[in-house]
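Engineer: With the input below, show me the fold.
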Amino acid sequence: MKKNFILGLSLFAFVACNYQEGSQQPLPEGMQEEATVHYDLDNPDIVYDLPANLNEISGISIYQESKIACIQDEHAIIYIFCTQEEKISSIIDFGKSGDYEDLAVLGENAYVLRSDGAIIMINNFEDNQRKVIEIETQLKARNDTEGLVYDINTNSLLIACKESPSLITKNHYEGFKAIYRFDLKNDRLIEEPEYLLDLSSIDKVKNTGAVEKFFIQTARKLNLTSSDSNFSPSGIAIHPFNNNDIYIISSVGKLLIIMDKKGLINNIIELDQGLFNQPEGICFSNNGDLFISNEGGCGVANILKYSYL
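Structural biologist: Residues are numbered from 1 along each chain as shown. Here you go, the predicted model:
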């Protein structure tokens with residue numbers, strides 16, 4: 001297994017170290033302090049209400065200054081949302097309808113993730129002569145791939161799976177959530193997960209000391225059980241600085257997990273359900289500002305902006 005196999009103690013170990021809900025929770029003796037969160041997540045600086053054609057917004061990526069590329073569940077369309085004018089400035093059609101979950105923009109090229117694991121590469125995506133290439137990966141519909149982000153340090157894409165973590169059988173890596181790496185230089189998926197988030201039940205925690213006791217306390221707050229982890233990745237982003245921490249958002253359970261590049265979890269934050277109706281997309285601007293998108297459901301879809309503090 002790769003060295004980034006996340007910690008046999010799992011979401012347990014990192015919940016034990018770093019649960020946050022409103023005020024900071026006390027940590028057991030000997031545990032590391034949780035990293036500073038540079039955002040006031042209860043108080044967005046700006047709420048951008050989105051038009052009806054983005055009611056099912058499923059992913060976002062910074063494109064240019066004041067522009068956010070958006071994707072929605074059903075249509076092969078990239079919407080460019082201008083934050084200065086607070087409206088869609090352009091619409092880019094790239095193919096047939098499908099279940100599109102996230103996107104990553106690299107200069108003039110865009111990568112769109114479909115829920116069955118396919119990656120749609122769109123070269124010069126704003127050009128009328130854009131080139132669209134569909135790349136099949138070993139990931140399938142049962143993996144329900146939902147999160148996509150470009151990792152500049154490795155020239156690769158990280159893909160977060162909402163459902164089955166395995167490429168092989170349904171029960172392989174059972175009890176985990178997986179993040180895979182797609183190598184852009186060779187256009188291939190690395191077959192071993194880059195990160196495995198262990199969501200197994202409390203009775204699988206091997207330690208019996210303070211860590212386990214602290215975990216049991218926080219796990220109850222998070223409603224984690226052996227059959228329901230209450231955490232399923234819906235979006236992923238890499239911070240432009242802050243040691244390139246990885247932010248993973250879950251619409252299920254309304255959680256935000258922050259981990260470092262080695263897979264050590266620094267924070268688990270429970271999001272305000274009044275603000276986060278259905279958080280599906282997450283990205284950062286180059287100056288560290290955070291953007292999180294919410295599907296509309298019965299209301300209005302939006303993008304929340306948080307300035308870096």
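Engineer: Quick one: end-to-end length of stretch 120-137, please.
Structural biologist: Start-to-end span of stretch 120-137 (Cα to Cα, to the nearest Å) is 11 Å.
Engineer: Quick one: residues contacting F81.
Structural biologist: 48, 50, 54, 67-70, 87-89, 303 (Cβ atoms under 8 Å, 6 or more residues apart in numbering). C-betas here are computed from N, CA, C, even on glycine.
Engineer: What strand or helix carries it?
Structural biologist: Using DSSP states H and E, F81 sits in strand 77-82.
Engineer: Give the partner strands of that strand in its sheet and their orientations.
Structural biologist: Strand pairing for strand 77-82, using DSSP bridges, gives strand 67-72 (antiparallel), strand 87-93 (antiparallel).
Engineer: Pull the contacting residues for F284.
Structural biologist: Contacts of F284 by Cβ under 8 Å, 6+ apart are 62, 237-240, 247, 290-291.
Engineer: can you map out the strands along the stretch 1-150 of the chain?
Structural biologist: With DSSP state E, counting those that start in this stretch as the criterion, the stretch 1-150 of the chain has strands at 19-21, 23-24, 46-49, 57-64, 67-72, 77-82, 87-93, 100-106, 109-114, 119-123, 131-135, 145-151.
Engineer: buried set for stretch 231-247?
Structural biologist: 231-239, 242, 245-247 (16 or more other Cβ atoms under 10 Å).
Engineer: scratch that, stretch 265-274
Structural biologist: 265-271.
Engineer: Of those residues, which belong to strands?
Structural biologist: Among these, DSSP state E puts 265-270 in strands.
Engineer: ok, which pair from those is furthest apart?
Structural biologist: Of all pairs drawn from those, the widest gap by Cβ to Cβ lies between N266 and E270 and measures 15.1 Å.
Engineer: pretty sure D93 is touching I77, no?
Structural biologist: Yes - judged on Cβ atoms under 8 Å, D93 makes contact with I77 at a distance of 5.4 Å.
Engineer: Of those two, which one has the most company?
Structural biologist: Using other Cβ atoms under 10 Å as the criterion, D93 and I77 rank with I77 on top: 18 against 11.
Engineer: residues in contact with that one?
Structural biologist: The contact partners of I77, taken as Cβ under 8 Å, 6+ apart, are 71, 91-94.
Engineer: hmm, back to that, of all the buried residues of stretch 231-247, which two lie farthest apart?
Structural biologist: S232 and N242, at 24.6 Å, using Cβ to Cβ across the buried residues of stretch 231-247.
Engineer: Now I190: closest residue in space that isn't a chain neighbour?
Structural biologist: Nearest non-adjacent residue to I190, counting by Cβ to Cβ, 6 or more residues apart in numbering: R181, 4.6 Å away.
Engineer: Helix or strand for the one you found, just tell me which one.
Structural biologist: Counting by DSSP H and E, R181 is found in strand 176-183.
Engineer: What's the local residue count around D40?
Structural biologist: Residues lying near D40 (other Cβ under 10 Å) number 11.
Engineer: so it touches K305, yeah?
Structural biologist: No - contact criterion Cβ under 8 Å: D40 and K305 do not qualify, at 11.6 Å.
Engineer: Quick check: neighbours shared by these two?
Structural biologist: Common neighbours of D40 and K305 are not found (criterion: Cβ under 8 Å, 6+ apart).
Engineer: any idea of the mean pLDDT for stretch 147-156?
Structural biologist: Averaged over stretch 147-156, pLDDT sits at 97.
Engineer: Give me the buried positions along that stretch.
Structural biologist: Those would be 147-151, 156, for stretch 147-156 by 16+ other Cβ under 10 Å.
Engineer: ok, so of those residues, who is nearest R114?
Structural biologist: Nearest to R114 among those is L148, at 10.0 Å by Cβ to Cβ.
Engineer: OK, contacts around that closest one?
Structural biologist: If you count contacts by Cβ under 8 Å, 6+ apart, L148 has them with 59, 101-104, 111-113, 119, 157-160, 236.
Engineer: any idea how far C283 is from it?
Structural biologist: L148 sits 10 Å away from C283, going by Cβ to Cβ, to the nearest Å.
Engineer: and if you look at R130?
Structural biologist: Shown here: R130 relative to C283, a distance of 21 Å by Cβ to Cβ.
Engineer: ok, back up a step: right, and out of the buried residues of stretch 147-156, which lies closest to Y173?
Structural biologist: Nearest to Y173 among the buried residues of stretch 147-156, with distances taken as Cβ to Cβ, is G147, at 16.9 Å.
Engineer: Fine by me, we can end here.
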